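S.K.: Quick one, what's the 3D model for this:
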Amino acid sequence: MTKKLTPEQINPWVEKIINNKSIFSAIFHVENEDRSFVHTAAAGDIQPDSKYFIASTTKLYVSAVLLRLMEEGKISLEDKLDKHLPDEMVQGLHKYKGTDYSRQLTVQHLLSNTSGIPDYFFHKQPDGKTAADALIAGDDQPWHLEKTLEVVKTLTPKFKPGAKAAYSDTNYQLLGRIIENITGKPIEEVFREFIFEPLKLQNTYSYKDITDTSPAKFYAGSQPLWLPRYMASVTVEGGIVSTAEESARVLRAFFNGELFPKERIEALKKWRMLFSPGVFYFGIGLEKIWVPWIASPFKPMGETLGFWGQTSAFAFYNSKTGLYMTGTANQFNGKGHQAMGNLMFKCMKSAL
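M.R.: Below you'll find the model as predicted:
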């Protein structure tokens with residue numbers, strides 16, 4: 001299926017991205033099912049083997065851990081949050097239109113982004129600003145779960161649990177604490193034990209040392225951002241560092257049954273379309289790229305599943321072409337997502 005896809009095609013596509021003045025680095029890795037075709041292209045101030053923050057692609061790793069714990073009978077999607085979290089953490093978490101739904105919240109509500117709990121990262125606080133605004137302005141500060149809940153409990157939920165879907169990093173911070181309580185281990189140790197070590201990853205780790213300057217910087221427009229305190233505090237929602245090749249290794253393991261029985265994936269495909277941040281489908285701990293019909297009217301591309309990160313980091317698998325695609329444009333403002341999305345579409349169309 002990848003006979004039409006060559007490095008000579010891919011390299012110029014990646015190099016062209018840098019011509020956009022708001023994108024200063026790009027790395028794109030693609031491999032097929034049997035790994036007879038494997039290629040990593042890079043342009044700008046990044047190399048093919050560079051380490052970078054995979055951002056919210058980390059959430060795919062969270063899904064893998066939870067599916068493994070479900071297989072072991074230690075948690076279920078129907079579990080109420082107060083089964084795994086202390087009372088003071090759940091209390092007052094979701095009060096909506098005069099009703100307290102806090103004790104009705106389930107693991108599935110968190111993992112599917114249907115809890116209605118505000119996103120601490122983009123939700124406007126009483127002063128009209130968001131946590132993202134402060135970080136982009138260079139105010140590097142940690143956002144641990146306790147701080148997040150202190151803010152979130154003062155905000156109005158978006159909707160009744162299960163009524164709609166809205167992206168919320170708060171959900172994943174709560175899932176991280178649930179995982180830690182079940183395993184009795186910090187989330188970085190869980191990631192290492194469940195994923196990094198079994199897959200023999202040498203360049204993938206949870207970012208914790210704020211003096212570590214090896215990951216590539218990301219940008220907000222033309223402004224470089226270096227936020228070590230923040231990144232070290234949000235391990236479960238976006239604090240993993242990896243390379244494009246090792247990110248593809250995890251992506252492949254997610255879909256081929258190495259981390260949990262692959263039969264469980266079908267149950268995750270309960271899609272709801274989200275329009276922020278960006279347009280895509282969100283299932284239960286899994287994203288699907290929205291592809292308009294006009295993009296490939298005569299050769300449908302099929303499902304492209306995986307995860308986006310806010311910095312345009314991505315990891316997606318297309319079953320129709322058998323392509324695993326990972327990488328980043330290290331750009332916060334959305335233009336990187338558009339550029340890397342276009343690259344994925346080009347590769348899939350060439351491989352059809």
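
S.K.: What is the neighbour count of residue 320?
M.R.: 15 (other CB atoms under 10 Å). C-betas here are computed from N, CA, C, even on glycine.

S.K.: can you tell me the helix or strand for the nearest residue to it once chain neighbours are set aside?
M.R.: Closest residue in space to residue 320, ignoring its immediate chain neighbours: residue 302 at 3.3 Å, by CB to CB, 6 or more residues apart in numbering. Assignment of secondary structure by DSSP states H and E places residue 302 within no helix or strand.

S.K.: next one: the one 5 residues further on
M.R.: Assigned by DSSP H and E, residue 307 belongs to strand 304-308.

S.K.: So which residues make contact with that strand?
M.R.: 56-57, 59-60, 251, 255, 278, 280, 286-289, 291, 314-319, 337, 344, 348 (CB atoms under 8 Å, 6 or more residues apart in numbering).

S.K.: Give me the buried subset of those.
M.R.: Those of those that meet the buried threshold are 56-57, 59-60, 251, 278, 280, 286-289, 291, 314-318, 337, 344, 348, by 16 or more other CB atoms under 10 Å.

S.K.: Just the ones in helices from the residues you listed, please.
M.R.: 59, 60, 251, 337, 344, 348 (DSSP state H).

S.K.: what's the closest of those residues to residue 145?
M.R.: residue 59 (15.3 Å; CB to CB).

S.K.: Give me the pLDDT value at that closest one.
M.R.: You'll see residue 59 listed with a pLDDT of 98.

S.K.: doesn't residue 235 make contact with it?
M.R.: No - in this structure, residue 59 is not within contact of residue 235 by CB atoms under 8 Å, at 11.4 Å.

S.K.: circling back to that earlier point, if I pick the residue nearest to residue 320, what's in contact with it?
M.R.: Going by CB under 8 Å, 6+ apart, the list of residues near residue 302 reads 318, 319, 320, 321.

S.K.: ok, back up a step: can you tell me which of the ones in helices among the buried ones among the contacts of strand 304-308 is nearest residue 331?
M.R.: Distances from residue 331 to those, taken by CB to CB, are shortest for residue 337, at 7.9 Å.

S.K.: Strands along the stretch 51-200 of the chain, start to end?
M.R.: Using DSSP state E, counting those that start in this stretch, the strands of the stretch 51-200 of the chain run over 52-53, 95-96, 99-100.

S.K.: Which of those sits closest to residue 76?
M.R.: strand 99-100 (23.2 Å).

S.K.: quick one: contacts of that closest one?
M.R.: Outside strand 99-100, the residues touching it (CB under 8 Å, 6+ apart) are 92, 94, 160.

S.K.: Averaged pLDDT, that strand. What do you get?
M.R.: 97.

S.K.: Next: stretch 115-130.
M.R.: The predicted confidence, averaged over stretch 115-130, sits at 87.

S.K.: What residues of that stretch count as buried?
M.R.: 115, 116, 117, 118, 119, 120, 121, 122, 123, 125, 130.

S.K.: what does stretch 129-146 give?
M.R.: Buried-residue list, stretch 129-146, by 16+ other CB under 10 Å: 130, 131, 132, 135, 136, 140, 143, 145.

S.K.: In a markdown table, list those residues along with distance to residue 151.
M.R.: Output for the buried residues of stretch 129-146, formatted as a markdown table (distance: CB to CB, whole Å):
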| residue | distance to residue 151 |
| --- | --- |
| 130 | 10 |
| 131 | 8 |
| 132 | 13 |
| 135 | 14 |
| 136 | 17 |
| 140 | 17 |
| 143 | 9 |
| 145 | 11 |
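
S.K.: Can you pull the domain assignment for this structure?
M.R.: 7-59+202-351, 62-187 (automatic domain parsing).
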